[in-house]
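Peer 1: Sequence plus the predicted model coming up.
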Amino acid sequence: MQLRIERRMIAHVPWVMLFAAVAIASLGVWNLASASHHAGKIGELLQESGHATAHGSAWTGQAAFVLVGLAVIVVAALFDYKLLYRIAVPFYALAFAAELALKIAGHRAKGAESWLQLGPVRFQPSEFVKIGIVLMLAAFFHDDYRPNDPGYGFLRLIRPVLIALVPAALILSQPDLGSTMMIVFTATTVILFARVRWWVIASMLVGMAALSGVIWNDYIRDPTDGHRTVVRQLLKKHQSRRIESWLNPDADVKGAAYHAAQSMIAVGSGELTGKGWGQGTQTGLSFLPEQHTDFIFSVWAEEHGFVLCMLLLFLYGVLLLSSLTIGITARDRFGAFVAVGVTSMIFWQVFDNIGMVIGLLPVTGITLPLMSYGGSSMLSVFASIGLLVNISMRRHVF
Amino acid sequence: MVLGACIAVGLLALAVRLYRLQITRGDEFVQKSVANALKEVRIPADRGMILDARKDVLVDNRPSFDLQITPAFCLHCKEEVIPQLASYLGWDATQVLKAEAQLKAVKREAIFQPVTVWIDLTKDDPERVKLDTLNAHKMDLPGVDVVQAPHRNYRTIFLDHDGKPSNGLAPLIGYMQEINESEFDHLNADGAGYQLGDYVGRIGIEKAFESSLRGEDGKREEVVDARGEPLPMLNGLLVASSTVEPVPGHNVILSIDARLQEEAEHAFKGTAGAVVAVDVHTGFIKAMMSRPAFDPNLMTGRVSRAQLEAMSKDPLLPMIFRAVQQQYAPGSTFKPIAMLAALRSGQYTEHSTYTCTGGYRLGNRTWRCFVDRGHGHLDIKHAIQASCDAFFYHLGDVVGLDVMANMALDLGLGQPTGIGVVQEVPGIMPTVAYYDRVAGGYQRYMALNSAIGQGDDNVTPIQLVYAYATIANGGTLYQPQVVQRVESQDGEVLETFAPKVVRKIDLDPDQRKLVIEGLAAVVNEPGGTAYGHGLKKIKMAGKTGTAQVKRIGTEHHVKKDTLSYFERDNAWFVGFAPAEDPEIAVVALTEHAGFGGTESAPVVAAVIQKYFDLKDEDSGVTATADASHVARPVAPHAPVPDVPKPTAPPPAPHQGSAHDPSDAPRSGPPTDSSAAKPPEPPAEEVADPATAPPGSVPPPETAEVPPPPPAKTLPPPSEPERAGPEEGERKPMATPPPPPPEEAH
């Protein structure tokens, strides 16, 4: 294992991607300062009257996480990522064990177990399980390289699918539908990247059609006629309600769809240029739940409007496309698969979170990478970016 | 490359969606975000006051607090908020269910409108402990507001003679209750903007003048946070505050004079009954009481189910407005009307006489007079004065039922008076056609019963006093009214109610004068059934009535020991004054009290005296120094001085047969559907030996009344051993059902 940084490696540091990531994280801190502090006219008045929100110091914490995250990038970039190939199996096993431990004795937050307390540190094992799966899949596809292969058929896909599905099933039982979906999407992307046979894609399309059919049957058909449901009886009530409110956000403003409806109001009322930093009423008057974490994008959209939303999407686009480039240009299959896995992980989180905030997708509790408040999420994204830097730097080092 | 394209497409999809939300539908969401933070707060309008004729306050408003829940802000309402409220406020399960149901009924578009779930927080909590508790826990009660709301304050509680509260005016004023579904629909039909939980007038003036009294609520918008917590410092930050000031309701000015009302409630000593005082020249009511009555402050508040049940089970029926909603046999108060009918028909003249021998024989049976030995030879005036039953049996037999009924109907008996502001019962004034509709048909004896106000004759107190007022004013039947004006809060007159004439009837002045002379003699001349109850300075005219009970309620609901009460006769007195030029007419009905002369006449006398005292007072003339305005007999059992002996013929020998139960007068009512009540033997006018001993020395108070009539027309002295009119007179009536009537040959 070499920790030496060569000169030519510096030349391949993906500065554009790093710039995009740091820019997004900085905007995130600034945004969080508004969401938590409200220094505007509303904020002053709120503070005078003792109505200041509870997360008053969230943004300083977030800024600290960004600084720590930069250090994490450096650390993650220093060693040769080949090390990861060697520790992929133990890492995967450890993350799985942590998830299992959580299942047995976990900290309950809002009815779902997703936090594990380890001494003074509280972390979400599912974040690490995701990375573990990406590494594990990358290691698998690295080993399973067959030149001139037409692509993976069903039989050869059994192992990679199991690698992803076993921990995914465990997380689903927490229950954490959001993280499960992230794992499924990410793993599917990685598998597709490995090239599969056409009938695999065809059957996936059929599967998606079937899923749509199930959703239609379970949630859209008039439920009063007592027909059989396929999965609905297996899901928790709050999960079912989220799907329902996603399908019909106007049905019940006060109940399940409250989050979605309030979020759409916040986003929509931002219009072209927004209400101004610290002036968001949806945020300032606490109409938005989870505004520091899952719904942080709606704070941004409300206060800064369409133009700066486009800027943010552009930065995410730059980040994702440049990291995808890293995957394509990696020196080996392992690096390529890790890069693609990490990229798809970030992409799906961004897509799912913003989609949820703007009412395109059901509310799942996925955080927005680099924007949402929280150490676990922030550090795992920075660690992923460090890996990308690592892979990019070593593209010509053999 | 494919993956890159996928990423680009995904981000593009987000961008397109953002464009639709923020640019295409931006305005819509801006409005929604503003509506989110704005709560419409209602500013309740002050309800108008109800004032008496001199604009003294009868009903006004007092400050109080109501509890409201705004559904949109009430998170975990059913699970957390309502149970907490229940424990702080001591709600029972019923109230919890009611509040839950109220919130459940809120439609989606109305979730930002507060719902009133509990009124008058400080009602039974003068220390405001509950209010303080709620304020202290405000942060745990999202969407819960305590709002100031004026509450109705009924000041119409007078004192009765025992100093106990008397709510005699309550049935007329009415009370308010929470709006019900049908009221909600029909009151809101013209956009009145009532909300669930609002209070509306349920009966009486409060209901009839709801639209005048109510006013228009204002509204104000407040900035609130997601918990519904108002942030007053942010008001005006988001939008120009659009406050609509409330418009207070109008004041309703009654014709009731609270001082006269107070006198009526004070003077009325009975357990149950009614008093109505009327201006005979306008038809406006000056005082109107019903006893027993409900407490309007209780009815308008959170009256409990148990309290309502107790009221509905009370055999005295406190919810019945006796002045207009209960009908009674008029008894002898009908006799002057029968007399007017006979005179108008021409079959009687001012010279008509009749010799009472203690009864009137029809067929082979005798209709007894209440004076067994007979009144002797009577002219019209003295027949009224002594209330001789035999005279009127004869009269009824001669003129027939319809002649009397037509007169009574002309005077407004047996038909709704049209008072309007309260519901009323029509009463019954039977005609030949009426009896012909039932099995057996009309029988000749029925006219006899009718002539003394029995049989199926049924009138309400208000009908009777208007009939007498019509006689008093020379023939104009007015429609009863209690509201004189509606005024704005500033005193601007918005609506004035003029006297309404129902009809004018031809009353021959001489005939009227003759009857009034008889009525005056009732009170002012020895031998009158209410002699001794006259007034010192004012000549009062009136008529007693002691009517066989028409049972109220059913016996089964009455305890055994109260049966005797409910079997006793109803005591009437109706009169007017001054006899020469009447101004005011008053009726008093005391249920189950016995004799009208002793029970009800003093009430009427007291009210009339008060009326004239007040008139003097208001016109600046000092009232008479003597406070005891009611003339009292000097001594009930004063020794009989040497008054000329009556020369009336002694009772006929066969008079004794009147005591024969088998020969008791027949008065079985027709067996029609209304015959659910027991057979009614005719009640008889009972001379009260205690107050009107014929031949007693005229009290000094009545010194200025005309001298006693010629001795020969005086009724015979009643026998001293006939102490109680109830026992003495009722015994013969306790007869087995009489045989079927036989036609006179």
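Peer 2: Alright, I've got the coordinates. Quantities reported herein were computed from a predicted structural model and do not represent experimental measurements. Residues are numbered from 1 along each chain as shown, chains lettered A, B, ... in the order given.
Peer 1: check which helix or strand covers A:M208.
Peer 2: Using DSSP states H and E, A:M208 maps to helix A:198-215.
Peer 1: could I get the helix or strand just after that helix in PDB with only the CA atoms?
Peer 2: Reading on from helix A:198-215 to the C-terminus, the next helix or strand found by DSSP H and E is helix A:237-247. Presented in PDB, the C-alpha positions along helix A:237-247 are these (Å, rounded to 0.1, in the frame of the first residue of the first chain):
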ATOM      1  CA  LYS A 237     -49.500   2.000   7.500                       C
ATOM      2  CA  HIS A 238     -47.300   5.100   7.300                       C
ATOM      3  CA  GLN A 239     -45.600   3.700   4.200                       C
ATOM      4  CA  SER A 240     -48.900   3.000   2.500                       C
ATOM      5  CA  ARG A 241     -50.000   6.500   3.400                       C
ATOM      6  CA  ARG A 242     -47.000   8.100   1.900                       C
ATOM      7  CA  ILE A 243     -47.600   6.200  -1.400                       C
ATOM      8  CA  GLU A 244     -51.200   7.300  -1.300                       C
ATOM      9  CA  SER A 245     -50.300  10.900  -0.700                       C
ATOM     10  CA  TRP A 246     -47.800  10.800  -3.400                       C
ATOM     11  CA  LEU A 247     -50.400   9.500  -5.800                       C
END
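Peer 1: so how far is A:W199 from B:A383?
Peer 2: Distance, B:A383 to A:W199, using C-beta to C-beta, to the nearest Å: 121 Å. (Each C-beta comes from the backbone N, C-alpha and C, glycine too.)
Peer 1: doesn't A:A383 make contact with A:V68?
Peer 2: No: judged on C-beta atoms under 8 Å, A:V68 makes no contact with A:A383 at a distance of 10.6 Å.
Peer 1: which of the two has more neighbours?
Peer 2: Counted by other C-beta atoms under 10 Å in any protein chain shown, A:V68 and A:A383 do not tie: A:A383 has more neighbours, with 18 against 14.
Peer 1: Please, which helix or strand holds the more buried one?
Peer 2: Per DSSP H and E: A:A383 is located in helix A:375-393.
Peer 1: Look up how far B:G455 lies from the residue in chain B that chain A sits nearest to.
Peer 2: Residue of chain B nearest chain A, by C-beta to the nearest C-beta: B:F29 (2.7 Å). Separation of B:F29 from B:G455 (C-beta to C-beta) stands at 79 Å.
Peer 1: okay, the two: which has more neighbours?
Peer 2: Legend: neighbour count by other C-beta under 10 Å for B:F29 and B:G455, higher for B:G455 (26 against 22).
Peer 1: right, and the secondary structure at that one would be what?
Peer 2: Assigned state for B:G455: coil (three-state reduction, DSSP: H, G, I helix; E, B strand; the rest coil).
Peer 1: what does B:F370 give?
Peer 2: Under three-state DSSP, B:F370 comes out as coil.
Peer 1: What is the burial count for it?
Peer 2: 27.
Peer 1: ditto for A:F79
Peer 2: Neighbour count for A:F79, taken as other C-beta under 10 Å: 13.
Peer 1: I figured B:N297 hits B:R155, correct?
Peer 2: No: look at B:N297 against B:R155 with C-beta under 8 Å: they stay out of range, at 9.4 Å.
Peer 1: between those two, who's got more neighbours?
Peer 2: Taking other C-beta under 10 Å, B:N297 and B:R155 do not tie; B:N297 has more neighbours (21 against 18).
Peer 1: Can you tell me, leaving aside adjacent residues, what's nearest to the more buried one?
Peer 2: Nearest residue to B:N297 in three dimensions, chain neighbours excluded: B:Y154, at 5.1 Å (C-beta to C-beta, 6 or more residues apart in numbering or on different chains).
Peer 1: What distance do you get for that neighbour to B:F65?
Peer 2: Per C-beta to C-beta, B:Y154 is found 19 Å from B:F65.
Peer 1: Please apply the same query to A:M9.
Peer 2: From A:M9 to B:F65 the distance is 75 Å (C-beta to C-beta).
Peer 1: what about B:A383 and A:W199, which has more around it?
Peer 2: B:A383 (26 against 12).
Peer 1: How many neighbouring residues does residue 205 have?
Peer 2: Just so you know, I chose chain A. By the criterion of other C-beta under 10 Å, A:L205 has 10 neighbours.
Peer 1: right idea, wrong chain: chain B
Peer 2: 24.
Peer 1: List the contacts of it.
Peer 2: By C-beta atoms under 8 Å, 6 or more residues apart in numbering or on different chains, the residues touching B:I205 are B:I50, B:L172, B:I173, B:G174, B:V252, B:L254, B:V421, B:V482, B:V483.
Peer 1: tell me which element B:F566 is part of?
Peer 2: B:F566 is part of helix B:560-567, with elements assigned from DSSP H and E.
Peer 1: what mean pLDDT does that helix have?
Peer 2: Average pLDDT, helix B:560-567: 58.
Peer 1: Helix, strand or coil: sort out the residue of chain B closest to chain A for me.
Peer 2: helix.
Peer 1: List the contacts of it.
Peer 2: A:M264, A:I265, A:A266, A:V267, A:G268, A:S269, B:L21, B:Q22.
Peer 1: isn't the fifth one right up against B:E28?
Peer 2: By that I understand A:G268. Yes: judged on C-beta under 8 Å, A:G268 makes contact with B:E28 at a distance of 6.7 Å.
Peer 1: Could you name the helices and strands sitting against the helix holding A:M208?
Peer 2: Under the contact definition 3 or more C-beta pairs under 8 Å, 6 or more residues apart in numbering or on different chains; DSSP states H and E, helix A:198-215 sits against no other helix or strand.
Peer 1: which residues sit against that helix?
Peer 2: A:G151, A:Y152, A:G153, A:F154, A:L157, A:T188, A:L192, A:V230, A:V231, A:I243, A:L247.
Peer 1: Can you read off the pLDDT for B:V630?
Peer 2: Reading off the model, B:V630 has pLDDT 38.
Peer 1: before we move on, what about B:F209?
Peer 2: pLDDT for B:F209: 94.
Peer 1: what does B:S312 give?
Peer 2: B:S312 carries a pLDDT value of 85.
Peer 1: Just want to check the distance between it and B:T94.
Peer 2: Taking C-beta to C-beta as the criterion, B:S312 is separated from B:T94 by 18 Å.
Peer 1: so what's B:Q479 up against?
Peer 2: B:G283, B:T417, B:G418, B:I419, B:K500, B:V501, B:V502.
Peer 1: same deal with A:A339?
Peer 2: Contacts of A:A339 (C-beta under 8 Å, 6+ apart): A:S323, A:L324, A:I326, A:G327, A:A330, A:L387, A:L388, A:I391, A:S392.
Peer 1: likewise B:R568?
Peer 2: Contacts for B:R568 (C-beta under 8 Å, 6+ apart) come out as B:V549, B:H592, B:A593, B:G594, B:E726.
Peer 1: what about the closest residue in space to B:K381 that isn't next to it in sequence, how many residues close to it?
Peer 2: Nearest non-adjacent residue to B:K381, counting by C-beta to C-beta, 6+ apart: B:G518, 4.3 Å away. Neighbours of B:G518 under the rule other C-beta under 10 Å: 25.
Peer 1: Please save the CA atoms from the helix or strand hosting B:G518 in CSV.
Peer 2: Using DSSP H and E, the element containing B:G518 is helix B:509-524. Output in CSV follows, covering the C-alpha atoms of helix B:509-524 (Å, rounded to 0.1, in the frame of the first residue of the first chain):
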residue,chain,number,x,y,z
PRO,B,509,-122.8,51.9,23.8
ASP,B,510,-125.8,51.3,26.1
GLN,B,511,-125.4,47.6,26.2
ARG,B,512,-121.6,48.0,26.7
LYS,B,513,-122.3,50.4,29.5
LEU,B,514,-124.7,48.1,31.2
VAL,B,515,-122.2,45.2,31.2
ILE,B,516,-119.4,47.4,32.4
GLU,B,517,-121.7,48.6,35.3
GLY,B,518,-122.1,45.0,36.2
LEU,B,519,-118.4,44.4,36.0
ALA,B,520,-117.7,47.5,38.2
ALA,B,521,-120.2,46.2,40.7
VAL,B,522,-118.3,42.9,40.9
VAL,B,523,-115.4,44.7,42.5
ASN,B,524,-117.0,47.7,44.1
